[in-house]
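1. sequence first, predicted coordinates after that:
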2 protein chains.
Amino acid sequence: MHILVTNDDGVLAPGLLALAQAMREIADKVTVLAPDRNWSASGHVKTLHRPLRVIEVELEDGSFAWATDGAPSDCVALAQLGFISEKIDLVVSGINPNANIGHDVTYSGTVTAAMEAAIGGIPGVAVSLDKPDNLSGPVDFSGAKRAAQRVVQWLSQQNGLPAEVILSVNVPYRPAEKFKGYMITRQGLRIYRDELVRRVDPAGRPYYWIGGQVPTAIDEPGTDYGALSAGYVSVTPIQLDLTSSRTRDWLEERQFITSLDL
Amino acid sequence: MHILVTNDDGVLAPGLLALAQAMREIADKVTVLAPDRNWSASGHVKTLHRPLRVIEVELEDGSFAWATDGAPSDCVALAQLGFISEKIDLVVSGINPNANIGHDVTYSGTVTAAMEAAIGGIPGVAVSLDKPDNLSGPVDFSGAKRAAQRVVQWLSQQNGLPAEVILSVNVPYRPAEKFKGYMITRQGLRIYRDELVRRVDPAGRPYYWIGGQVPTAIDEPGTDYGALSAGYVSVTPIQLDLTSSRTRDWLEERQFITSLDL
C-alpha cells in the first residue's frame, strides 16, 4: 500500500509529521507532499492561473517530504497527475490539530484534500484532532495517530471506499486507551461566533478582521460533535454529490417548474 | 427585498454588472460587495489570518459597489457580520460565465458564496452561464439575467428556501425565449481533463502547470449537464450537510465499528 500524506497546516506542522510516522508503520510506502504554508479555512482549490513550484524539504525526524506553493487539494492533484510516478492507493490528510465538524467540512483544506483524491478515484481520509482550545504547549497526537492507523488498516482490508465518498475522522483529545470507541456519525451543526472587528490603520483608513470566539457546536447524539464530546472517535462519511433530494421534493411540491414555465 | 450581489470573478467582471442590473429590476434594494480580483476555483474560504480592506468602486454603468481583498465567501461574511447594516434577504452570486456542474460545486467561489449565505441563515442562489468554450467577443448575459430574475422572484414568493440549502442555477447560452424550460436537477459527473505540464524556468528550475483541456461531463438525463445540453435552465438544490447516508449503511454492513472496537 502506497499512501500519500498531505495536510492544510503546511509541511512543517507537527501533525503532518505525526501522520507520516503513523502511516509509515502500516504502509509499504509513504509519500509526503504538502503545502509550504498554512492553508486553513481555504476550501477546495484548483490552481490554474499560476504555475506551482515543488521543493524538497527535510522533516524534523530527518525524513524527506515534498513542499509546494499550492493548496492542499493542489498537492493531491499534482501527485495524481503524475508528479508522483508510483501509483497511490490512498490519500490521508492531517492531522489537523482542531476538529473539522459540521460546516467546517466545506471550508477545511484537510477535508478538501481528501475530496480531491476521491474526485481522482483514490480513497481519501481526513484526520482531525479535537484539541482543547486552551491547550498550551505541544499537542499530543498519539491518540489521533492510533485512530488514523486503525481506520486506514480497515480500509485497506476493504479495498477502499464507495466512489465519490471520503471519510472524515475526528479524534477526541485523549490517549487511544481512553477512547470510548469508534462511532459512525453524521455532520452536526456548528455554531460560529464570528464577529466583525473594525480597526483603523495609522493612516486613518479602516480595515476589518473576521474575529470573535472559536466556534462551538450543538451536542446532538449521532453527530460528529456528539461523538467527540462523549469520548468517541467520530467517523463521518462525506459525499461529493451535494444534491439535496429533500429540496427537490420541496421544489416540486411548490410547482417550481410549472410556475417558471408559464 | 434587499439583495446582496457578489461573485468570484471580481468586481469588474461583466457578469457581476449583469446580475446587479437584473436584480435592481426586481428588488427594493441591491448591494454589491465583491472581491477585488478573480477567485475562480478557490473554494470556500474564511479569511481569519489577515484583515480585510473594503473600498468603494464605480461599475461600468456608473453604479456603486464595494470591493474587498477577501474571497467571495468573505464578502458574504462581511455583509452578514455587519459591514452592511441593512438586513439582507437574499444573496445572489454570479453570473459566472462558465457552468458550475458536477464536482465544480465544491471548487466554485460562485457556489461557496451562496453556501456562506445559507450558513448565516440567508437564502443563497448561485447563477452560472454555460458559455461555449470557443466563444470570442463579449458574453451575452441576457438569458442568464432573465433566469436569475425568474428564480429569485419565485423564491421571494416562497419566503426563501429550506435551511442549509442553496440553489445552483446553470443557464444554457441562448436567449430566454429559446429556453426549453426549467428543470430541477441533480449534480452530474464532471470529467476533468487536467494534465500536469512541466516547464523549466530561465534559471533551470522546474515549475508545474495544472493544464490540459477544459472539463466535459457525462450527458445523463436528470443531471445539471443533461439539462443544459438539452437547452433547459438547470436548478440544482445543493445541501450543506455532506453526510453520505448510503456510506453509513455500507460501513455498518461491513462491521466497521465492531472491527475497530476489538
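-> That came through fine. Residues are numbered from 1 along each chain as shown, chains lettered A, B, ... in the order given.
2. C-alpha from now on. contacts and neighbour counts both.
-> Fine.
3. in contact with the residue lying closest to residue A:120 once chain neighbours are set aside, which residues?
-> Using C-alpha to C-alpha, 6 or more residues apart in numbering or on different chains and skipping the chain neighbours, the partner closest in space to residue A:120 is residue A:80 (7.1 Å). Residues counted as contacts of residue A:80 (C-alpha atoms under 8 Å, 6 or more residues apart in numbering or on different chains) are A:88, A:117, A:120.
4. part of a strand, is residue A:80?
-> No - counting by DSSP: H, G, I helix; E, B strand; the rest coil, residue A:80 is located in no strand; its state is helix.
5. how distant is stretch A:101-119 from the center of its chain?
-> 5 Å (C-alpha atoms, centre = their mean, to the nearest Å).
6. how about that stretch: buried residues?
-> The neighbour-count check on stretch A:101-119 (16 or more other C-alpha atoms under 10 Å in any protein chain shown) flags A:101-119 as buried.
7. past the helix or strand harbouring residue A:110, which element shows up next along the chain?
-> Element membership for residue A:110, per DSSP states H and E: helix A:109-119. Going down the chain from helix A:109-119, the next helix or strand is strand A:124-130, by DSSP H and E.
8. do whatever helix or strand comes next after that next one and chain B meet?
-> Elements were assigned by DSSP H and E; along the chain past strand A:124-130, the next helix or strand is helix A:142-157. Yes - looking at helix A:142-157 against chain B by C-alpha under 8 Å from any C-alpha of the partner chain, the contacts come from A:150, A:151, A:154.
9. phi, psi for residue A:32 please.
-> phi -110, psi 120 (degrees, to the nearest 10).
10. tell me, how many residues neighbour it?
-> When counting by other C-alpha atoms under 10 Å in any protein chain shown, one arrives at 26 neighbours for residue A:32.
11. pLDDT wise, what is it at?
-> Here, the pLDDT recorded for residue A:32 equals 98.
12. does residue A:235 really touch residue A:181, like I thought?
-> No - the criterion here is C-alpha atoms under 8 Å, and residue A:235 misses it with residue A:181 at 10.9 Å.
13. pick out whichever of these two has more residues nearby.
-> Legend: neighbour count by other C-alpha under 10 Å for residue A:235 and residue A:181, higher for residue A:235 (28 against 19).
14. contacts only, for that one.
-> Applying C-alpha under 8 Å, 6+ apart, the residues near residue A:235 are A:167, A:168, A:169, A:170, A:182, A:183, A:184, A:185, A:224.
15. any idea how far residue B:256 is from it?
-> Residue A:235 sits 10 Å away from residue B:256, going by C-alpha to C-alpha, to the nearest Å.
16. then residue A:199?
-> Distance from residue A:199 to residue B:256, by C-alpha to C-alpha: 51 Å.
17. for residue A:50, give me its contacts.
-> With C-alpha under 8 Å, 6+ apart, residue A:50 has these contacts: residue B:209.
18. mind doing that once more with 10 Å?
-> A:70, B:207, B:208, B:209, B:210 (C-alpha atoms under 10 Å, 6 or more residues apart in numbering or on different chains).
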